[in-house]
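> I would like to see how this sequence folds:
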Amino acid sequence: MIEDNSKLSIFVRDNNIEVSDMQAIAKAFGAPFEEAGEIIATHKNIEVTSADQKAEMKVAREQRLKLRTARTTVENKRKELKADYLKQGRAIDLVAKYVKEQIEPAEQYLQLQEDFVKIKEQAAAEKIKIERLEQLAPYGTDPSLYNLDLMTDEQFNELIKSLHQAKKDAEEKEALEAEQIEEDRKAEEQRQRQRDEENEKLRAEQAKNEAELQAERDKAQALEREIADREASEKAETDRKADVERRELSAPDKEKLIVFARKIRELKDQIPAVKTAVARELLDTAETAIKHACLDLAEGAETL
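Modelled structure (predicted):
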């Protein structure tokens, strides 16, 4: 056994290793560690500075081999002890697992028996909550707004009743609004049709008035053109006659007589058609007289 003031003893105490464990460790590692400790404490006293220091080299070799022996002894013992500890640990784990597997089911079973009333109450409460959630679903309300777990049946029934009435009121209001919107739409369509008809009537009347005005303007313009043409024609005829008269007035008597004879001859073209023989005879006599008058005037004019 190692001394209480040895380095190994101090090390195990400083690391809070149990006394029983420390004894086992001291027994396993004590002697090799203490022997190595003495060498470690004095190994730097050996200092080779020359090839002639054969003795020092020999001592260094001997102490190195002792240290290697101590190190390998401790390492081998560590592996041996650890293997034992691992076996012991596996055995402990197996026993603990077995105990757990045996105890836990029984413990859980007894817990269920102990909490029979509580479990029943929880199941009943959960069933009631599910039923209440199903009843709330058609109303589209947020279940978190209500404390369904603590609410009595009377309170919940009142809640459903109020939600049903609110939904009914909302649906009736929505239906009335939709009906009003439809009526407003139909009324607007009717007003629009009336406006369209009135606008079409106004456009038709406006088109008619414009057509009548255009017709009147065209008629007035045609009349103006006709008057203008007639006035122009009359003016031209007047100017022509005036010119003829001027020429006739300024012409010699011979020409005047020839012109007058031509005008008398033109009267033949204006002789009317008659039905009776008497009238025909009278016209023949007049025509002959006109013919002779024209010849006399023409012959007479030639002598001038």
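
> and Lys66, what helix or strand is that in?
Here Lys66 sits within helix 54-114, counting by DSSP states H and E.

> and that helix, what does it pack onto?
Here helix 54-114 is seen to pack against helix 19-42 when contacts are counted using 3 or more C-beta pairs under 8 Å, 6 or more residues apart in numbering; DSSP states H and E. From N, CA and C alone the C-beta is placed, and that goes for glycine too.

> pLDDT on stretch 148-167, on average?
Averaging pLDDT along stretch 148-167 gives 89.

> and the residue nearest to Glu47 when sequence neighbours are not counted, what is it in contact with?
The shortest distance from Glu47 to any residue that is not its chain neighbour, by C-beta to C-beta, 6 or more residues apart in numbering, is 7.5 Å, and that residue is Glu56. Residues in contact with Glu56, defined by C-beta atoms under 8 Å, 6 or more residues apart in numbering, are Ile46, Glu47, Val48.

> which residues of the protein fall in strands?
Secondary structure of the chain (DSSP state E): no strands located.

> neighbour-wise, give me the winner out of the contacts of Glu56.
For the contacts of Glu56, the largest neighbour count, defined by other C-beta atoms under 10 Å, is 15 neighbours, found at Ile46.

> which residues does it contact?
Neighbours of Ile46 in contact, by C-beta under 8 Å, 6+ apart: Glu56, Val59, Ala60, Gln63.

> neighbours around Phe116, how many?
Taking other C-beta under 10 Å as the criterion, the count of residues near Phe116 is 10.

> Ala277 versus that one, what's the distance?
With the distance defined as C-beta to C-beta, to the nearest Å, Phe116 ends up 159 Å from Ala277.

> what of Ile130?
Taken as C-beta to C-beta, the span from Ile130 to Ala277 is 138 Å.

> pick out whichever of the two has more residues nearby.
Applying other C-beta under 10 Å to Ile130 and Ala277 shows that Ile130 carries more neighbours, namely 11 against 8.

> how near is that one to Ala220?
Note on Ile130: its distance to Ala220, by C-beta to C-beta, is 95 Å.

> Ser162: how many residues sit nearby?
A count of neighbours around Ser162, defined by other C-beta under 10 Å, yields 11.

> quick one, phi/psi of Asp142?
As for Asp142, its main-chain torsions (degrees, to the nearest 10) stand at phi -80, psi 110.

> distance of it relative to Val244?
Summarising the geometry, the distance separating Asp142 from Val244, computed by C-beta to C-beta, is 117 Å.

> between these two, which has more neighbouring residues?
When Asp142 and Val244 are compared on other C-beta under 10 Å, the one with more neighbours turns out to be Val244, at 12 against 7.

> next, the contact list for the more buried one, please.
Contacts of Val244 were listed using C-beta under 8 Å, 6+ apart, and none were found.

> where does it land on pLDDT?
Per-residue confidence for Val244 comes out at a pLDDT of 73.

> the chain should start at 875 in everything you say after this.
Sounds good: first residue 875 from here, last item Val1118.

> how close does it get to Lys1130?
According to C-beta to C-beta, Val1118 and Lys1130 sit 11 Å apart.

> and Arg945, by the same measure?
To Lys1130, Arg945 is 179 Å away according to C-beta to C-beta.

> tell me which of those two has more neighbours.
When Arg945 and Lys1130 are compared for neighbours, Lys1130 comes out ahead with 17 against 13, by other C-beta under 10 Å.

> for that one, give its distance to Cys1168.
14 Å.
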